[in-house]
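Participant: Predicted coordinates and the sequence they were generated for:
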Amino acid sequence: MTTINTKLHGTLDYTLGALLMLSPWIFNYSRETSVEVWIPVISGAIAIFYTLFTDAEFGVVRKIKLSNHFLLDLILGSFLVASPKLFHYAGYVYLLPYLWIGLFKIFISLAAGNILHSSHIEQPSKALNLNHPFKNFIHHIQHINLSFQKSMNRE
């Protein structure tokens, strides 16, 4: 699988976060319903927030492990792709920030490295301490991702 280096990944995260936050005005759908406007604004802010806290060269506070950052990108991208159906709106708004940026977030999270066994240098002493049930959930999602990557490599 192709990998994206962490500097490029960080640049893309900040750029996509800003694009998401500005998309209602860039793509001229700010006059639509409030859900269509606020989902990308809040999603972009969340993406920038957890990117700032990631333990990598593009992070500022460095509290979130890079492998968890990749998982958060995957979850956020999936949410963006599903949000038009979840919140019952459609039209060209669906294609611009939601579908394409969501799919791109999913792609860069998977292309940046294996979520379960990240080859990137992480500093566990600075990593965010998560409670036990959440660790089990993340481990389960990472196991599913590893199985999926193995099946894709066989093809």
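Facilitator: Great, that's in hand.

Participant: Which parts of this structure are helices?
Facilitator: 6-26, 34-52, 66-86, 92-93, 101-111, 132-154 (DSSP state H).

Participant: Please name whichever of those helices is nearest to F58.
Facilitator: helix 6-26 (2.5 Å; CB to CB). Just so you know, the C-beta spots here come from the backbone N, C-alpha and C atoms, and that holds for glycine as well.

Participant: which of the residues in the closest one are buried?
Facilitator: Neighbour-count burial for helix 6-26, counted by 16 or more other CB atoms under 10 Å, picks out 6, 9-10, 12-14, 16-17, 19-21, 23-24.

Participant: Save the helices of the chain as TSV, and put in distance to G59 too.
Facilitator: Formatted as TSV, those follow (distance: least, CB to CB, whole Å):
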stretch	distance to G59
helix 6-26	8
helix 34-52	6
helix 66-86	8
helix 92-93	31
helix 101-111	16
helix 132-154	19
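
Participant: Would you format the ones you listed as TSV with mean pLDDT and distance to V60 included?
Facilitator: Output for those, formatted as TSV (pLDDT from 0 to 100; distance: least, CB to CB, whole Å):
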stretch	mean pLDDT	distance to V60
helix 6-26	91	11
helix 34-52	91	5
helix 66-86	91	13
helix 92-93	62	32
helix 101-111	89	20
helix 132-154	65	23
